[in-house]
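Peer 1: Predicted model follows, preceded by the sequence.
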Amino acid sequence: MRILITAGPTREPIDAVRYLSNRSSGKMGLALAQAASQAGHQVTLLLGPVGDVTLSAAISINRFESCEDLQKLLTEHWPSHDLLIMAAAVADYRPIVVQQGKISRDQALTLALEPTADLVKEAALNKQKNQHVVAFALEEPKVLLHRATQKMHRKGVDAIVANPLQTMDSTNISAIWITASGIQKNMQTMDKMDFARDLINLATAL
């Protein structure tokens with residue numbers, strides 16, 4: 001199977017040196033790419049700004065910085081893959097105007113922001129009958145299941161991984177696997193590599 005995986009944060013530029021981003025480490029997406037490759041799948045990884053990584057040479061890696069960069073890579077690669085796992089943490093907003101050079105800190109600064117493209121929804125809208133999309137939802141535990149299920153239906157994906165905010169920066173993950181067909185599986189707490197292997201099995205079974 002040809003699997004496309006996105007991982008890491010985006011950086012939305014404010015000026016020549018500053019940007020808006022988030023705390024995503026990319027560890028989950030990297031683990032998924034490694035697990036999928038070890039399972040014998042052909043893997044393409046779209047990777048955000050997370051520093052140097054060491055992965056199997058069999059994994060094709062393409063780098064992105066911004067949401068727009070990732071959008072272009074998805075347009076290029078998604079049509080030739082069977083499964084997309086959107087583990088990247090795409091910034092929800094970006095500055096409307098990117099300032100040239102470096103903004104002086106000698107004055108107050110107000111940023112006007114606009115929403116970034118909904119890449120998960122775009123991928124789901126453009127998929128063929130033989131293609132499937134898996135998304136992620138990161139929420140507070142008390143609203144996790146409800147909001148993740150809503151997100152799955154709103155974006156039109158085939159399944160979603162609901163995980164609590166505590167997942168960020170952690171080596172472990174405790175998540176719920178939810179499918180559009182009505183399957184719900186509470187996955188036990190485990191390290192991200194073990195979780196990635198289980199998730200690849202669930203996702204490829206779609």
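Peer 2: Great, that's in hand.

Peer 1: where along this structure do the strands fall?
Peer 2: 2-7, 12-13, 19-20, 42-47, 60-63, 83-86, 93-95, 113-115, 132-139, 159-164, 172-173, 176-179, 184-186, 190-191 (DSSP state E).

Peer 1: Tabulate those in a markdown table, adding columns for mean pLDDT.
Peer 2: Shown next, in a markdown table, are these (pLDDT from 0 to 100):
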| stretch | mean pLDDT |
| --- | --- |
| strand 2-7 | 98 |
| strand 12-13 | 98 |
| strand 19-20 | 97 |
| strand 42-47 | 98 |
| strand 60-63 | 97 |
| strand 83-86 | 98 |
| strand 93-95 | 97 |
| strand 113-115 | 98 |
| strand 132-139 | 96 |
| strand 159-164 | 95 |
| strand 172-173 | 87 |
| strand 176-179 | 97 |
| strand 184-186 | 94 |
| strand 190-191 | 92 |
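
Peer 1: Export those as a markdown table, with columns for distance to residue 148 and mean neighbour count.
Peer 2: Just so you know, the C-beta spots here come from the backbone N, C-alpha and C atoms, and that holds for glycine as well. Below are the strands of the chain laid out as a markdown table (distance: least, C-beta to C-beta, whole Å; neighbours: other C-beta atoms under 10 Å):
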| stretch | distance to residue 148 | mean neighbour count |
| --- | --- | --- |
| strand 2-7 | 18 | 26 |
| strand 12-13 | 24 | 19 |
| strand 19-20 | 24 | 19 |
| strand 42-47 | 22 | 24 |
| strand 60-63 | 28 | 14 |
| strand 83-86 | 13 | 26 |
| strand 93-95 | 21 | 18 |
| strand 113-115 | 20 | 11 |
| strand 132-139 | 4 | 22 |
| strand 159-164 | 3 | 24 |
| strand 172-173 | 14 | 18 |
| strand 176-179 | 6 | 19 |
| strand 184-186 | 10 | 11 |
| strand 190-191 | 19 | 14 |
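
Peer 1: would you list the ones you listed in TSV and tack on distance to residue 27?
Peer 2: Shown next, in TSV, are the strands of the chain (distance: least, C-beta to C-beta, whole Å):
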stretch	distance to residue 27
strand 2-7	8
strand 12-13	21
strand 19-20	21
strand 42-47	12
strand 60-63	15
strand 83-86	14
strand 93-95	24
strand 113-115	27
strand 132-139	13
strand 159-164	12
strand 172-173	9
strand 176-179	19
strand 184-186	21
strand 190-191	10
